[in-house]
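K.L.:
quick one, what's the 3D model for this:
(one chain, ligands or ions: 1)
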Amino acid sequence: MYAGRMIESDVLNAVPKGLLIGGAWREASGGGVLAVEDPATGEVIAEVADGTPEDALAALSAAADAQEAWARSAPRERGEILRRVYELMVSRIDELALLMTLEMGKSLPESRGEIAYSAEFFRWFSEEAVRVHGRYMVAPAGGGRLLTMKQPVGPCVFVTPWNFPSAMGARKIAPAVAAGCTMVVKPAEQTPLSMLALAGIAMEAGLPDGVLNVVTTSRAGDVVEPLLRDPRTRKLSFTGSTEVGRRLIEQSAEQVLRVSMELGGNAPFLVFEDADLDAAVEGAMLAKMRNVGEACTAANRFLVAETIAEQFTGRLAERMAAQKIGHGTSDGVQVGPLIDEPAREKVQQLVDDAVSHGAQLLTGGSAIDGPGWFYAPTVITNVPAKARIASEEIFGPVAPVITFKDEQHAIALANATEYGLIAYLYTKDLQRGLRVTEALQAGMVGLTRGIVSNPAAPFGGVKQSGYGREGGFEGIEEYLETKYVAVAL
Ligand code: NAP
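P.N.:
Predicted structure coming up:
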């Protein structure tokens, strides 16, 4: 049950609103602030510091100054700080979830889910911090010895999106801390509060000054570019759109930075004629409606065997039409607002374009009158390949259905995109499941599962969905360099 306005204002008041630089909360140089809005009402709920390029460079100086001592700290010490962050997050899950719902719009149960997921990265990497090691081997020709050691990459710059305001930062901060790197984080302008709250917790957990610095800003380009062009920065990890990612890769070229890119997706969701339809519809709801479709992992195209398409689509439309829409803090709400008006306008344009190319609406298809940026859960069928919705990331609660004739056709349709983050497939035939999985051009596959995210697994894409992996054993490698030592013996 939603706790009411009193607690809402308490939670908002408790969040630090300044820039975190060298362990101190500061105003922006020049004193500017940026407003944070509730996308379900359009109301301003808080103001935070609007950082400048000078502030960003001050944050980088703090990170660079802290780097050497942090790299020398004991892995166990780093692990224990991460463990305390995990425990504090779990103990404050209600407050953190409410904060996230207020700034981002997702329902409270989804926000709780994200905080729990986010906290798990701190637990996972608290355990990984003490498992970084190298090797000692006899050179193949005999005589010499080959030694390898792992060392932190150095100061990092992290840029994160609004759709998962806590988890997208946690997936970078936790492994970087475990590896012994310092960092400057720039969260999304629309959702800075969750990151500020997380940074407050990290400081409370005992993270030394300067290891984690946070710069909120309304001028992303002006603030990030000087950081990437500064020789003290050694690594960029970015989560966001492919368009911005491409630009940041270019900027990172100057200092030849280590780069991780978690970019856009256009996930196919394949349903074969032998699939368990109950499980497929359940999985489809998860893969489509988590975060109201505003997820890089959201099923973007439902590719369904033509023999069962009508049955699957009818059941999906029934479930979509029954979703409860409203303010994310209200009881029982499953579908909150989209992040802003341009996001909703883009969803409408994609639906209108598909319909103008002959697709049929089974449910939804329009915005819901305000306040807030709500859009009705939508299913469209008979979507032709030339419709924009078949190739563009929707980022909203819209499920387009396209039919296929056979397995080869399904694979060809699934791979006909420049993206390659994730694919989902439903079949009861294990051999087909593995055969199709191998043929799919994606960094991740949900094999009869509608959600794959797990802090113990390597999350990431191929093609224009980016490179690098977050989570799993692989996640910490993004923050480590391997030094090889040739030993004469
Ligand atoms: P976005 O517009 O690319 O923004 C992401 C971040 O980049 C924000 O912090 C943004 O700041 C910043 N930014 C924007 N322009 C910049 C510039 N010129 N220089 C430096 N930073 C800049 O993406 P979004 O709309 O927030 O997020 C949605 C996208 O993220 C989707 O494409 C989604 O698929 C992708 N995503 C991918 C993953 C993954 O793991 N693969 C996970 C989640 C989301 P402002 O907020 O101030 O604009």
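
K.L.:
is it fair to say V48 lies in a helix?
P.N.:
No - assignment of V48 by DSSP: H, G, I helix; E, B strand; the rest coil gives strand, placing it outside any helix.

K.L.:
in this structure P397 contacts V379, no?
P.N.:
No - counting by Cβ atoms under 8 Å, P397 stays clear of V379, with 9.7 Å between them. C-beta: built from backbone N, CA, C; applies to glycine.

K.L.:
list residues touching both of these two?
P.N.:
320, 364 (Cβ atoms under 8 Å, 6 or more residues apart in numbering).

K.L.:
okay, now the unreliable bits of the stretch 1-150 of the chain?
P.N.:
1-6 (pLDDT under 70).

K.L.:
which residues in the protein form helices?
P.N.:
5-14, 53-72, 75-91, 93-104, 108-128, 167-179, 192-204, 220-229, 242-253, 277-289, 309-321, 341-356, 407-415, 430-439 (DSSP state H).

K.L.:
buried sites along the fourth one?
P.N.:
This means helix 93-104. 93, 95-104 (16 or more other Cβ atoms under 10 Å).

K.L.:
now do the same contact list for the residue in the stretch 1-150 of the chain that the ligand sits nearest to.
P.N.:
In the stretch 1-150 of the chain, the residue that lies nearest the ligand is L34 (9.0 Å; Cβ to the nearest ligand atom). Residues in contact with L34 (Cβ under 8 Å, 6+ apart) are 47-50, 189, 192, 216-218.

K.L.:
again, but for I394
P.N.:
293, 298, 300, 347, 350, 400.

K.L.:
specify the beta-bridge partners of the last one.
P.N.:
Spelled out, that is P400. Residues in a beta bridge with P400, per DSSP bridges, are I380.

K.L.:
name the residues of the stretch 51-200 of the chain found near the ligand, please.
P.N.:
159-164, 168, 186, 188-190 (Cβ under 6 Å from any ligand atom).

K.L.:
and which of those residues is nearest A62?
P.N.:
A62 lies nearest to K186 out of those, by Cβ to Cβ, at 14.3 Å.

K.L.:
per-residue confidence at that closest one?
P.N.:
At K186, the model reports a pLDDT of 99.

K.L.:
quick check: it touching F158?
P.N.:
Yes - contact criterion Cβ under 8 Å: K186 and F158 qualify, at 7.0 Å.

K.L.:
before we move on, back to that, out of the contacts of L34, which end up buried?
P.N.:
48-50, 189, 192, 216-218.

K.L.:
by proximity to the ligand, which residue of the protein wins?
P.N.:
G240 (2.7 Å).

K.L.:
leaving aside the residues adjacent along the chain, what's closest to that residue?
P.N.:
Nearest-residue entry for G240: P161, 4.6 Å, with adjacent residues in sequence omitted and distances by Cβ to Cβ, 6 or more residues apart in numbering.

K.L.:
got it, and T307?
P.N.:
E273 (4.9 Å).

K.L.:
show the contacting residues for that neighbour.
P.N.:
305, 307-308.

K.L.:
that's all I had, so thanks and see you.
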